[in-house]
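K.L.:
With the input below, show me the fold.
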Amino acid sequence: MENFNLTEEQAIAEAKRCWNCPNPQCVKGCPVHTPIPKFIHEIVLGNYTKAAAMLLENNIFSPITCRVCAQEKQCEGHCVQGIKGKSIAIGALEQFVHDYIKNNKITIKENEPVKKNGQKIAVVGGGPSGLTFAHELSKAGYAVTVFEKQKELGGVLRYGIPKFRLSHELINEIIDKLKKQGVQFRTSFTVNSVEELEKFLQQDGYAGVYVATGTGKPMWMDIPGEKDYQGVDDALAFLAQSNSADENDLAELKEKYNGKTFVIIGAGNVAMDAARVAKRLGAAKVTIVYRRSEDEMPARRDEIQYAKNDGVEFQLLTNPTGILGNSEKQVTGIKCVKMELGEPDASGRRSPIPVPNSEFVIATDYVIYALGQSPEVFEDKNQHLATNKKGNIIINEKGETNIKNIYSGGDVVTGPDTVVEAVQAAKVAAEHMCK
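P.N.:
Sure, this is the predicted structure:
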């Protein structure tokens, strides 16, 4: 698993660089408002257990978010030292603390559980937002049951992030903590409609419901051939098959993909993950196709570099226009056109414009779409639940939907976003549901 691997000596030296600002901008840049100067100061003093306890009290997913956060845009991106020099390696220090505790088998003493208040809460979705909400409400004395449609809990952490980036052991440890708190789990349980959500409240005796079902529906380009050939898949489905594979399944996947060629459409972190997994499954060539330049790529800089280190190739300023296949309905290639950058669009990135007469074909065996996801829309015959045109659930600043006692948060509200943002959404909703 990739990590920072600071030695104790390196961690202390890095921690001593922190100025312990009275108005820490790094905390403002962190969605969950991690007490960054405080935990770093404990590292300087050698109080690693206290630092870990501080981090976990604030964010139960801290051992994971420190590994998958976009620190360069969040905490480290706001570090005042980064204005003229090098930001404090906050993510590396946070990981050092958790690794030190784990490697030395130190148990973090947790607060005594609050006496149960006799009320029960339903959480729909067992990803990072749903599990955080379950943790917060369980601490507050509620009996919490998490309903998850997959066989295992963890959501995108388990099924969407490759094991070489995130160990499933870390996910399981958090789930074990929740079980010890008394949180109940019902897996392989699908909730398809708003009526079922309302049934939790009206018939099943739940005082509240938190919806954190994420975004599992892939986005497509609607180009010719997209639905016509075998070998076209979405990135999350591609990643899930390897993430959930046992040794025998993994051997079959490697046999299937050995020596094959892949084209990955998109340039976010999911695209980098899909490309690197393809390489590890034996692909002879993997090419990421993206319509803008590297400067506009949304993936983390380190993830782009990791992909390059793994031998992934990049076909930039290139836009797919069609999928090609043979008479056996197998993919054989992808039609593309070269692009050039024009004026910035609404997101601030320069808009790509097709270059006339620049069409060409990339031969490939597989095409993987990594263009983002949208939520699976709940069936809502009576139109009770307010959603936007993309199907995202609409909430207020407290995490409340328009239906009383139904809250929501995470990607199902915002669209695909970071794990730490999903965690914070759960904390906000939990705070207000408890009032």
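
K.L.:
P352 looks like it's in a strand, true?
P.N.:
Yes. Per DSSP: H, G, I helix; E, B strand; the rest coil, P352 lies within a strand segment.

K.L.:
Identify the residues contacting it.
P.N.:
For P352, the contacting residues are R291, R292, L317, N319, M339, E340, L341, G342, by C-beta atoms under 8 Å, 6 or more residues apart in numbering. (C-beta placed from N, C-alpha, C; glycine too.)

K.L.:
surely the third one meets K338?
P.N.:
Just to be clear, that refers to L317. Yes. L317 lies in contact with K338 (C-beta atoms under 8 Å); the separation is 6.1 Å.

K.L.:
from the contacts of P352, which two are the most distant?
P.N.:
N319 and G342 (13.2 Å; C-beta to C-beta).

K.L.:
These two: which is more packed in?
P.N.:
Of the pair N319 and G342, N319 is the one with more neighbours under other C-beta atoms under 10 Å, namely 21 against 10.

K.L.:
Beta-bridge partners for that one, please?
P.N.:
Following DSSP bridges, N319 is listed with bridge partners V337.

K.L.:
which residues does it contact?
P.N.:
Applying C-beta under 8 Å, 6+ apart, the residues near N319 are V289, R291, C336, V337, M339, P352, P354.

K.L.:
Next: D233.
P.N.:
Y366, V367, I368, Y369.

K.L.:
cool, L55 as well?
P.N.:
T34, F39, S62, E94, V97, H98.

K.L.:
related to what we said a few turns ago, mark which of the contacts of N319 are buried, thanks.
P.N.:
For the contacts of N319, a neighbour count by 16 or more other C-beta atoms under 10 Å gives the buried set as V289, R291, C336, V337, M339, P352.

K.L.:
Save these as a markdown table, and put in pLDDT too.
P.N.:
Below are the buried ones among the contacts of N319 laid out as a markdown table (pLDDT from 0 to 100):
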| residue | pLDDT |
| --- | --- |
| V289 | 98 |
| R291 | 96 |
| C336 | 98 |
| V337 | 98 |
| M339 | 97 |
| P352 | 92 |
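
K.L.:
just curious, which of the residues you listed is nearest to A140?
P.N.:
Nearest member of those to A140, counting by C-beta to C-beta, is R291, at 47.0 Å.

K.L.:
Please report how far that closest one lies from A70.
P.N.:
When distance is defined by C-beta to C-beta, to the nearest Å, R291 is 22 Å away from A70.

K.L.:
Now Q202. Its backbone dihedrals?
P.N.:
Taking degrees, to the nearest 10, you get phi -80, psi -30 for the backbone angles of Q202.

K.L.:
And for it, the neighbour number?
P.N.:
When neighbours are defined as other C-beta under 10 Å, Q202 has 10 of them.

K.L.:
same check, this time on K105
P.N.:
Neighbours of K105 (other C-beta under 10 Å): 6.

K.L.:
And it, how far from T49?
P.N.:
12 Å.

K.L.:
Please apply the same query to K256.
P.N.:
47 Å.

K.L.:
When these two are compared, which one has more neighbours?
P.N.:
Taking other C-beta under 10 Å, K256 and T49 do not tie; T49 has more neighbours (17 against 11).

K.L.:
hang on, that one is in a helix, isn't it?
P.N.:
Yes. When three-state DSSP is applied, T49 is found to be in a helix.

K.L.:
tell me the contacts of it?
P.N.:
Contacts of T49 (C-beta under 8 Å, 6+ apart): I101, I106, I108.

K.L.:
Next, the residue lying closest to the last one once chain neighbours are set aside: secondary structure please.
P.N.:
Excluding the flanking residues, the one nearest I108 by C-beta to C-beta, 6 or more residues apart in numbering is A53, at 5.1 Å. Reducing the assignment at A53 to three states with three-state DSSP gives helix.

K.L.:
Touching, V277 and P162? I think so.
P.N.:
Yes. In this structure V277 lies within contact range of P162 using C-beta under 8 Å: 5.3 Å.

K.L.:
Surely V277 is in a strand?
P.N.:
No. Looking at V277 with three-state DSSP, it is helix, so not inside a strand.

K.L.:
and it, how many neighbours does it have?
P.N.:
27.

K.L.:
and what of E94?
P.N.:
For E94, the neighbour count with other C-beta under 10 Å is 28.

K.L.:
So it is in contact with P35, correct?
P.N.:
No. With contacts counted by C-beta under 8 Å, E94 stays clear of P35, the gap being 11.0 Å.

K.L.:
Out of the contacts of T49, the closest to E296 would be?
P.N.:
Of those, the one sitting nearest to E296 (C-beta to C-beta) turns out to be I101, at 39.1 Å.

K.L.:
Alright, that wraps it up for me.
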